[in-house]
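A.B. asks: Next one to model:
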Amino acid sequence: MSTADAASPGSLADKIDALFRIVRRPNREQFSHEEVARACREATGESFSATYLWQLRTGRRDNPTKRHLEALAQFFDVPVAYFFDDDQGAAIARELELLGALRDAGVRSVALRAVNLSPEGVNTISDMIDVLARREGAGGARNDG
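C.D. replies: Model prediction:
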């Protein structure tokens, strides 16, 4: 369930939080509210504080201006439709989750090696991943008999 939630954030707060969790600095640390707010202030010329951003991220405020959302989209390098269109937002969220997963060197290595496989080979690998994910999702319990 959490994967589906992360892949299709619904509320504005969920969408903003997903951006903070997934889009990171090159050193893999999250951006601070202050640095994002500062960039948004510079982009819009409007008031945009770290506290206001925190309120948006946590759902305590949920009615930002269009310019604020455009500035957030610009900072995190996502289309502004991420905030306005539920279908596009869900698709963008899935892409962000994939990019987040690819930060992991092991996942990236598997993905790069799969590039040269046939579609059938990719489907086989995908099926194997699904089986392993189900097995691990079941708490690792095995019936070794």
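A.B. asks: what's around Arg135, how many residues?
C.D. replies: 12 (other CB atoms under 10 Å). Quick note: C-beta positions are derived from backbone N, CA and C, even for glycine.
A.B. asks: what separates it from Met128, distance-wise?
C.D. replies: Per CB to CB, to the nearest Å, Arg135 is found 11 Å from Met128.
A.B. asks: repeat for Leu56
C.D. replies: Leu56 is 40 Å from Met128, by CB to CB.
A.B. asks: now swap in Glu120 and tell me
C.D. replies: 13 Å.
A.B. asks: in the chain, which spans are helices?
C.D. replies: For the chain, applying DSSP state H gives helices covering 2-7, 12-22, 33-44, 50-58, 66-76, 81-84, 86-102, 105-114, 119-137.
A.B. asks: can you list the ones you listed in CSV and add mean pLDDT?
C.D. replies: Formatted as CSV, those follow (pLDDT from 0 to 100):
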stretch, mean pLDDT
helix 2-7, 42
helix 12-22, 92
helix 33-44, 94
helix 50-58, 96
helix 66-76, 94
helix 81-84, 90
helix 86-102, 82
helix 105-114, 74
helix 119-137, 86
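A.B. asks: just to revisit the earlier point, so which of Leu56 and Met128 has more stuff around it?
C.D. replies: Leu56 (24 against 10).
A.B. asks: how about that one, what does it touch?
C.D. replies: Going by CB atoms under 8 Å, 6 or more residues apart in numbering, Leu56 touches 12-13, 16, 62, 64, 68.
A.B. asks: Could you do Arg67 as well?
C.D. replies: Taking CB under 8 Å, 6+ apart, one finds 44, 46 in contact with Arg67.
A.B. asks: picking that back up, can you tell me which of the contacts of Leu56 is nearest Phe76?
C.D. replies: Of all the contacts of Leu56, Phe76 sits closest to Ile16, with 8.9 Å by CB to CB.
A.B. asks: From Arg38, how far off is the nearest residue to Ser32 once chain neighbours are set aside?
C.D. replies: Excluding the flanking residues, the one nearest Ser32 by CB to CB, 6 or more residues apart in numbering is Ala50, at 7.4 Å. Look at Ala50 and Arg38: by CB to CB, they are 8 Å apart.
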